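Peer 1: What follows is a predicted structure for the sequence shown.
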Amino acid sequence: MFASLARLSRFLLPLVTGLAAGAALAADDTLPPLRYGPIPDFLLWTHPQREVGYRNYEKLYTTAPVARGTRVHPLRKAAREIVVEFDHAGQHMNVDSFMESGKLSGLLIMKDGEILLERYRAGMTADQRWTSFSVAKSVTSTLVGAAVHDGYIKSIDDPVTRYIPQMKGSAYDRVSVRQLMMMASGIRWNEDVFDFNSDYMKLFNGDFIAPMMDRPQIHPAGSTFYYNTADTNLVGTLVMQATGKPLSTYLSEKIWAPYGMEKDAAWLLVNGKETGGACISMTLRDYGRFGEFIREGAMIDGKPVVPDGWIADATSSHIATGWGDVGYGYLWWVNKDKTFRALGVFGQFIFIDIPNKIVIVGLGAWDKPEDEVRYQAEDAFIAAVEKTLAK
C-alpha cells in the first residue's frame, strides 16, 4: 500500500538515553541484549529476540505507567469465531497462515464491540503488553483533541510556539499545531534510519526541542508531506506543556482509566519525557479498546473527550502522501474509502472502519521494519475480513 521508503521512517527508535539499566537485566537471558552505541539496539535483534523484546519493553527501557481505573470496559465474545479465507499472491490463506507468514504474535477482529477472533502465537498471551512503535502517534493525536476540548489548547491553528515558547524565533513560529500533526511543517529533515549521519540519529541526545531550533523551513508550512518523527515528539511536548501534565498521566485521566482499559499501559521515556511519536505498550485487547473508543467517537459514558467533529476531522485526508491514494490526517493514515489506520513498523496496526463498525488489530515481529510484501498481505487480509462481515 505504501512505498517502502516511506515505511522506513514510520517509527521512533528507542533512544540511548532512555534505556533502563542493563545490569539489572543481565541475569535474565531470555531478554534481548541492549547495545549502547550509534546503532539502535533492536534493529540488531534476531527474530526470536524481537518476539520476546516487544512484549517486554518495560523491562528493557525506562517507561512511565499509564494507570488503568477501577472498572473494565467489557468486550463481548462471539459464540463462534469468524472464519477468514482469501487468495493472495497465488496462495490460499486463512488466519493461521496469515499470522504465521506475517509473523504476527497477536490478532484481534471486532465488530460493534464484539470479539469475533482473538489469537496469539509465539509465546504472546492476553495478559502481556506489546509495544506499539508509531501506533502511539495516533494516541498522541487524540490527546491533542482532548487538550482542545479541555481548553488547554485554544486552536490547532495556533502556532506551535504558543505552546512551546522556548522555540520562539525558530521556523516553528510559522508552523501551526494542525500542520505539525499533518507531517507538513516544511522543516528540513532527513529521517533515513539506516544513515547514521542522518538528522534522525541526532535525536539520540534525548532533547526534543534543542535539535530543532535552528532548522530551516524549506517548504511553506502545510504544503508538503514529509514524515518527521522529531515533529511528532514536539506534538507530545506541546501537549505536556499546554496541560502541565506528563502524557502518561493525561492519557490515564482522559481515556485509560475512565474508558476502562483492562491493564496499565507503559509509555517509553527519554530523559524523563514520554515520546509522543512511539512506543506505548499495551495488551492486544486494550489496543482493541482504543480502536473502539475512536470508532465510537471518543465518547465515555455519553460525554465527549474531544471536540465535536474531532474524530471525523482527524481521520480525514488533509494532505497527499505521494503514495498511491493514501492520505494523511492528524497522525492517522487514511484510505480512499475513508477507513483509516494507526501504523507502526515491524507489523503493528489498528484498522478502523467506522460505518461498518469494524476494528482489526495486528501485533507483528517482522524480520525488518518495512516489508511491502507483508503490507500487501495485510491489505488482502483486511479486505477479506470486510467481505466476510458484509455477507
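Peer 2: Alright, I've got the coordinates.
Peer 1: show me the contacts for residue 189.
Peer 2: Each residue near residue 189 by C-beta atoms under 8 Å, 6 or more residues apart in numbering is listed here: 199, 215, 226, 228, 230-231. C-beta: built from backbone N, CA, C; applies to glycine.
Peer 1: got it, and residue 357?
Peer 2: Residues near residue 357 by C-beta under 8 Å, 6+ apart: 111-113, 295.
Peer 1: For residue 287, state which of the residues you listed is nearest.
Peer 2: Proximity of the contacts of residue 357 to residue 287 (C-beta to C-beta) peaks at residue 295, which lies at 12.6 Å.
Peer 1: Tell me the spacing between the residue nearest the centre of the chain and residue 342.
Peer 2: Note on the chain: the residue nearest the mean C-alpha position is residue 135, at 1.1 Å, using C-alpha atoms, centre = their mean. Noted for residue 135: a distance of 4 Å to residue 342, by C-beta to C-beta, to the nearest Å.
Peer 1: intersection of neighbour lists for these two?
Peer 2: 349-350.
Peer 1: Just list what the top helix by length along the chain packs against, helices and strands only.
Peer 2: For the chain, the helix that runs over the most residues, judged by DSSP state H, is helix 372-390. Applying 3 or more C-beta pairs under 8 Å, 6 or more residues apart in numbering; DSSP states H and E, one finds that helix 372-390 contacts helix 4-7, strand 85-88, strand 91-94, helix 95-102, strand 348-353, strand 358-364.
Peer 1: Output the contacts of residue 189 as JSON lines; include the columns distance to residue 332, secondary structure and neighbour count.
Peer 2: JSON lines is the format used below for the contacts of residue 189 (distance: C-beta to C-beta, whole Å; DSSP: H, G, I helix; E, B strand; the rest coil; neighbours: other C-beta atoms under 10 Å):
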{"residue": "199", "distance to residue 332": "24", "secondary structure": "coil", "neighbour count": "19"}
{"residue": "215", "distance to residue 332": "25", "secondary structure": "coil", "neighbour count": "17"}
{"residue": "226", "distance to residue 332": "17", "secondary structure": "coil", "neighbour count": "20"}
{"residue": "228", "distance to residue 332": "16", "secondary structure": "coil", "neighbour count": "25"}
{"residue": "230", "distance to residue 332": "19", "secondary structure": "helix", "neighbour count": "21"}
{"residue": "231", "distance to residue 332": "15", "secondary structure": "helix", "neighbour count": "27"}
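Peer 1: All the helices of the stretch 101-250 of the chain, residue numbers only.
Peer 2: Secondary structure of the stretch 101-250 of the chain (DSSP state H, counting those that start in this stretch): helices at 135-149, 177-181, 229-243, 247-251.
Peer 1: out of these, which comes closest to residue 271?
Peer 2: Across the helices of the stretch 101-250 of the chain, closest to residue 271 is helix 229-243 (C-beta to C-beta), at 11.3 Å.
Peer 1: Give the rounded mean pLDDT of the closest one.
Peer 2: Per-residue pLDDT values across helix 229-243 average out to 96.
Peer 1: between that helix and helix 135-149, how many degrees?
Peer 2: 30 degrees (axes from the mean of the first three to the mean of the last three C-alpha atoms, to 10 degrees).
Peer 1: Just the CA trace of helix 229-243, in CSV.
Peer 2: Extracted C-alpha coordinates of helix 229-243, given in CSV (Å, rounded to 0.1, in the frame of the first residue of the first chain):
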residue,chain,number,x,y,z
THR,A,229,9.5,11.9,14.0
ALA,A,230,11.0,14.9,15.6
ASP,A,231,7.9,16.9,14.8
THR,A,232,5.8,14.2,16.4
ASN,A,233,7.8,14.4,19.6
LEU,A,234,7.1,18.2,19.5
VAL,A,235,3.4,17.3,19.3
GLY,A,236,3.8,15.4,22.5
THR,A,237,5.8,18.1,24.0
LEU,A,238,3.2,20.8,23.3
VAL,A,239,0.5,18.6,24.9
MET,A,240,2.6,18.2,28.0
GLN,A,241,3.4,21.9,28.2
ALA,A,242,-0.2,23.0,27.5
THR,A,243,-1.7,20.7,30.1
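Peer 1: Against which helices or strands is it packed?
Peer 2: Using 3+ C-beta pairs under 8 Å, 6+ apart: helix 229-243 touches helix 135-149, helix 177-181, helix 247-251, strand 273-274.
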